[in-house]
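In: Can you look at this prediction? I've put the sequence above it.
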Amino acid sequence: MHRHGGGIALMAEDRYDPQAVETRWQARWESDGLDQVQVDPTRPPFYALEMYPYPSGDLHMGHIRNYSIGDVIARFYRMRGYNVLHPMGWDSFGLPAENAAIQRGVHPARWTEANIANMRRQLKRMGFSYDWEREVTCSSPDYYRWTQWLFLFLYRRGLAYRKQAPVNWCPECQTVLANEQVVAGRCWRCESPVTRKDLEQWFFRITAYADRLLDDLKLLEGWPERVRAMQEHWIGRSHGAEIHFAVQGTDERLTVFTTRHDTVYGATFMVLAPEHPLVLRLAKGTAQEAAVEEFVERTARLGAEERAGDQVAKEGVFTGGYATNPMTGEPIPIWVANYVLMEYGTGAIQAVPAHDQRDLDFARQYGLPVRVVIQPPGVTLDAETMTEAYDGEGIMVNSGSFDGMPSAAGREAVADYLERHGLGRRATSYRLRDWLVSRQRYWGAPIPIVYCRECGVVPVPEDRLPVLLPPEVDIRPRGMSPLETAPDFVQTSCPHCGRPARRETDTMDTFVDSSWYYLRFCSPKAMDGPFDPAEVSYWMPVHQYTGGIEHAVLHLLYSRFFVKVLHDAGLVRFQEPFRRLLTQGMVTKEGQVMSKSRGNVVPPDEIVEKYGADALRLFILFAAPPEQGWDWPATGVDAVEPMHRYLQRVWRLVQACRPVVTAAGVAGPPAGPDAPGAGEETVALRRQVHRALAKATNDIAERYNFNTAVSALMEMTNALYHYRERVPAGRQDPAALREGLEILLRCLAPFVPHLAEEAWAALGHTESAHRQAWPQADPDLVRAEEVTVVIQVNGRVRDRMTVAAGTSESDLVRLARERERVSAYLRGKSVVQVVTVPDRLVNLVAR
RNA sequence: GCCGGGGUGGGGGAACCGGUAGACCCGACUCACUUAAAAUGAGUUGCCCGGAAGGGCGUGCGGGUUCGAGUCCCGCCCCCGGCACCA
C-alpha cells in the first residue's frame, strides 16, 4: 500500500477563494451578456420561471431555495441545447411599502426602489443566470399602464363589473380583501380578524370561468397533485338541484339549492341565512318579529370567524313563517340560523335532519321533527333516537311514489319530476366567488375608470393610459382610498363628454399585477400592447414554473383565469400559462417560519461573505428534495461549511490533475473499456464517472431530485480523487482523468456556476463552461460488467457473489449452490423452489 | 371531519418497477501528517450478543399477500400542509 501522506497537497495561495472568483466571473458574464436571450426559431425554447419576489428589502432563505432550484433548471436546459428564457422582476406594488412610508416618512416609491436595488444586488451576487435586460417592475408606469389596459380589456368583455356587496374588510390594512385572501376568517397578510362591510366595489367575473378552470386542471399533468386538489376544492363545483318552496300565505317562493334532492321528502323545516332578504318580511307582524330582528342584528355584527368558525355553536330562531314541502304538501316551519351562508347556493336550505348532520344537530337543539327517507343497507334508522345523520346512499322510503328507488337513481327521478312540474330544476353551485379587485390603498395601479354625472361609468381610453399615481398624497389610512385626498387626481374631465368628472380612487389588488407578468417577460419593452404576440407565442407557455405552495390557489388561479380570457379573445393560443409546476417546501428554523420579528433569520449575505454563493446554493439543494419542507440546522450560518469544504476538494483535485491532464497529447478520448491498453482501474473509474453522470442527468431532468444529483456528483468526485490518489502513477490514464474532470465540471456548472467556470478555465478552456453541452453518458460504460448477486435461502440473505453481468439463471443457481456458506444452510434440506432475478439475486426455498 | 404529503441510524436524507435497507453529507470515534492545533488525508460507525468467526433484531403500530415487503393490501396511531357549517 502506498500512501501520499497529506493527500493532494496544495500551497496556501492555491486555495479556492469564492469571494474573489465569484465576483470576477459575475462581472465577466455580465459584460459578455452570457444570459441574454432572443427569440431564435431555429432552437427549441424553454421558459424557466420562478415566482418574482415582493421587494421587502432582503432575500430570505425561501427565495434562495426557490431561485437556486430555478437556476439549476435554467442552466441545465441551456446546456441541453434549449434557448432558455430566465427572467426576473419585482412584484413591487403592495402594502408594506405604504406601511414603511407611514412609519418612516419615506415615499413608497423610494422605499421600493431602495429595496429593489438591494435585492437585485443580492440576486446578482448569488450568480443566478437571469436575463436582466428583461427585468420588469410592476409598480413602474411602463408596467401598470398595461395592467390598467388589461382591466379595461376585462371590462369591455363584461368581466369587470361594479357592485354593492358585503365584502371582507381588514381593519388593520384598512382595505377590502378577496375571498382567496381571507384565511380562516383572518387577513392573509396581517392575520387580523376580517369584518364585513357593505361597499360598492370592482369585481372580476372569474366565476364565468369556473367550469373551465376546474375541468382544465386535468390538462395540468405537470402540476403537483396537492395544488390541483386545492384548486379543485376552492372552485368547489357541486351538481344538484334548485327546489322551489311556496311560502304559505304569500305569493313568494323560496328557492333552495341541494345536492340531495332525493331526500326532499325528509325536509321537515327550512333555514335561511340571516342576510336572506325574506327573513325580516316573513317575521313581520308575527310573534317572532322582535326575536328575529334581534338575531339578525346580532349575527350581522360578527366577523367571519365568530360567525362561522368551527367552534361556533349553531343558533337560530323561528321566523314565524311556513313553507309547503312541494312533494308532501306539508307545511314546514321556516327558520333563520347562523349556519346557513348567504354567499353559497341561494342562501336558503331545505333541512333534512335524518340525512345531514348539521340539520340534525339543529333539529335536536330546537326540537324539530326528524324523518328518515333513505334506508341504508343493513341498518334500520330510528328517527326518534338517531344522533348521527346518515348521509350515504341507500333506498328511498317515506317518499311516495319514489319508494324503493336507490338514492342515486332517485336524484335523477326527483329532478325530472321537479322540472316537469315547474317545482325546480337541475343546478350547479360553486364555492368560487367573483374576484374582488378594488383596494382602498395608495400603492397599487389606479383603476382606470372615470365617473361622469352625465355618462356614468366611463373607461379611460386606452391611449390615455397610464392613469398615473399622483406622487404627493397623504397615505395615512383612514378607511377610504388615499387618492380621495388628492384633488388634482380625483377631478378630471369625462373622456366621453368632456364635462367635469371624478376618477375612481381605488387601486387594484396586487394579484392583478402578478396575473400577467410572465407574459410581459416575453417582450418587456413592448409599446403597442401588454406583450408582443409573436414573442409570446415563441416562449409561452412557461415550461417550468417554480415557486412557493402559498400561491396554490391565489396567484396560480388568477393567472389561469387571465390566460383563459386572453385565449378567448384570440390574443394567445394556449389555454394554460404554466406547463409544469414545482412547489418548493418551506425553509424553517426550529420549526418556525424565519422572520425578523421572531429573530430566527439565517442571513444569506453572511453566508455568501463567509463561504460564497456556490456553497450556499449547493447546500440548500443538497439538503432535501425540493418539494419537502426543511428545517435549517441549529448550526446556522456554519451549516454551509461542509459544502465549502467539498468545493475546496474539487478545486484541489483540479489543481492536482492540471499538469497531467493539460499536457500535450491528452486531448484525445480515453481508451475504451475493451482497448488492450486500458488498465482495470481506468475502466473502473470511467464506469463510475459515467454511471454517476447518468444518475445526475436523470435526477435533474426527470425527478427534480437535486439532492441525489448532488450526491451522485460527490461520488463522481470521490472516484476521481481515489483514482488520482491510489492508482500508481504509471497506470493512470491522463485522458480518462481529463474526461472525468470535464464531465464533473460540466455537471457541476448548473449548481455551482462560479467554481465550475473557474476550474473549467483552469483546464485550459477559453469558452465558458456554461456554453458547453451537457455531457452524454456512454451506455457501454453505464452498463455494469460485473454485478453482485445476492443469495437468499428462504428469503434471507446468506451470501453474495460477484459474477459477470448477464450470467444465465441456470448458471446463477449452480454457482449459488456451490457456495460453502449456502450449502451449510441447505444441509439436511431439499430445495423445493428457486427464484432468480438476473443480475440481482437467487433465492433458494428449502424445506 | 374531508383532501394532499409524511413517519427509515445520533441528525439531514438515499433506496426510481416488490429483489443487497441506510447512497451522499453531517456528527462521533481511530489513525497519519504536526512541537501542538486547525486544515488535509486514510479508516470505522443501524441496534443487540460475541474476543473472533458468526448469529439475532431492525424502516410508526397490528395483521395480510408473496419465495421475498421500507415499497402492495386491510385496520390503527402520530406529524406537517390545505380546506372547514359550501347544503
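Out: Received, thanks. Numbering: from 1, shown residues only, chains lettered A, B, ... in the order given.
In: which residues sit in contact with A:A777?
Out: A:690-691, A:693-694, A:697 (CB atoms under 8 Å, 6 or more residues apart in numbering). Just so you know, the C-beta spots here come from the backbone N, C-alpha and C atoms, and that holds for glycine as well.
In: what about 7 Å?
Out: Counting by CB atoms under 7 Å, 6 or more residues apart in numbering, A:A777 touches A:690, A:693-694, A:697.
In: One more: A:E293?
Out: By CB under 7 Å, 6+ apart, the contact set of A:E293 is A:L280.
In: could you list every residue that touches A:S68?
Out: Residues in contact with A:S68 (CB under 7 Å, 6+ apart) are A:617, A:620-621.
In: Show me those that map onto strands.
Out: Members of those lying in strands (criterion: DSSP state E): none.
In: quick one on the thing from earlier: need the contacts of A:A777 in a markdown table with secondary structure, distance to A:G764 and pLDDT, can you?
Out: Output for those, formatted as a markdown table (DSSP: H, G, I helix; E, B strand; the rest coil; distance: CB to CB, whole Å; pLDDT from 0 to 100):
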| residue | secondary structure | distance to A:G764 | pLDDT |
| --- | --- | --- | --- |
| A:H690 | helix | 23 | 95 |
| A:L693 | helix | 21 | 96 |
| A:A694 | helix | 27 | 95 |
| A:T697 | helix | 25 | 96 |
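In: Give me the neighbour count for the nearest residue to A:V373 once chain neighbours are set aside.
Out: Among residues not flanking A:V373 along the chain, A:G266 sits closest, at 3.7 Å (CB to CB, 6 or more residues apart in numbering). Neighbour count for A:G266, taken as other CB atoms under 10 Å: 29.
In: interface residues of the stretch 201-350 of chain A facing RNA strand B?
Out: Those residues of the stretch 201-350 of chain A that sit near RNA strand B, judged by CB under 7 Å from any atom of the strand, are A:224-226, A:229-230, A:233-234, A:236, A:238, A:240, A:257-260, A:273, A:308-310, A:312-314, A:338-345, A:347, A:349-350.
In: which of those count as buried?
Out: Buried members of these, scored by 16 or more other CB atoms under 10 Å, are A:224, A:230, A:234, A:240, A:257-258, A:260, A:273, A:338-340, A:344-345, A:347, A:349-350.
In: of those, closest to A:L557?
Out: Nearest to A:L557 out of these is A:W234 (CB to CB; 6.8 Å).
In: Now that closest one: closest residue in space that isn't a chain neighbour?
Out: A:W234 sits nearest to A:V553 (CB to CB, 6+ apart), 4.8 Å away.
In: who's in contact with that neighbour?
Out: If a contact means CB under 7 Å, 6+ apart, then A:V553 has A:180, A:230-231, A:234 as its contacts.
In: Output the lowest mean pLDDT helix or strand found in chain A.
Out: Counting by mean pLDDT, DSSP states H and E, the weakest-scoring helix or strand in chain A turns out to be helix A:304-308, with a mean of 63.
In: Give the next helix or strand downstream of that helix.
Out: Later in the chain than helix A:304-308, the nearest helix or strand by DSSP states H and E is strand A:316-324.
In: Return the list of strands paired to that following strand, each annotated with direction.
Out: strand A:238-247 (antiparallel), strand A:331-337 (antiparallel) (DSSP bridges).
In: CA-only coordinates of stretch A:426-435 in PDB, if you can.
Out: Taking C-alpha atoms only, stretch A:426-435 is exported to PDB below (Å, rounded to 0.1, in the frame of the first residue of the first chain):
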ATOM      1  CA  ARG A 426     -81.100  20.800 -12.000                       C
ATOM      2  CA  ALA A 427     -78.500  23.300 -11.000                       C
ATOM      3  CA  THR A 428     -74.800  23.500 -10.300                       C
ATOM      4  CA  SER A 429     -73.300  25.500  -7.400                       C
ATOM      5  CA  TYR A 430     -69.700  26.700  -6.900                       C
ATOM      6  CA  ARG A 431     -67.700  27.800  -3.900                       C
ATOM      7  CA  LEU A 432     -65.700  30.100  -6.100                       C
ATOM      8  CA  ARG A 433     -66.900  33.700  -5.900                       C
ATOM      9  CA  ASP A 434     -66.000  36.600  -8.100                       C
ATOM     10  CA  TRP A 435     -62.600  38.200  -7.500                       C
END
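In: got the contact list for that stretch?
Out: A:178-179, A:203-207, A:210, A:234-242, A:257, A:343-345, A:415, A:558.
In: what sits up against stretch A:797-810?
Out: Where contact means CB under 7 Å, 6+ apart, the residues beyond stretch A:797-810 that reach it are A:783-792, A:812, A:815, A:819, A:821-822, A:825, A:836, A:838-839.
In: Show me which parts of it are buried, residue by residue.
Out: A:798-799, A:801, A:807.
In: and if you look at stretch A:267-283?
Out: Across stretch A:267-283, burial judged by 16+ other CB under 10 Å covers A:267-276, A:278-279, A:282-283.
In: what about that stretch, distance to the chain center?
Out: Here the centre of stretch A:267-283 is set off from its chain's centre by 40 Å, with CA atoms, centre = their mean, to the nearest Å.
In: same question for it, mean pLDDT?
Out: For stretch A:267-283, mean pLDDT rounds to 94.
In: Between the two ends of it, how far is it?
Out: By CA to CA, to the nearest Å, the extent of stretch A:267-283 from end to end equals 21 Å.
In: Check stretch A:148-166 too.
Out: End-to-end distance for stretch A:148-166, by CA to CA: 25 Å.
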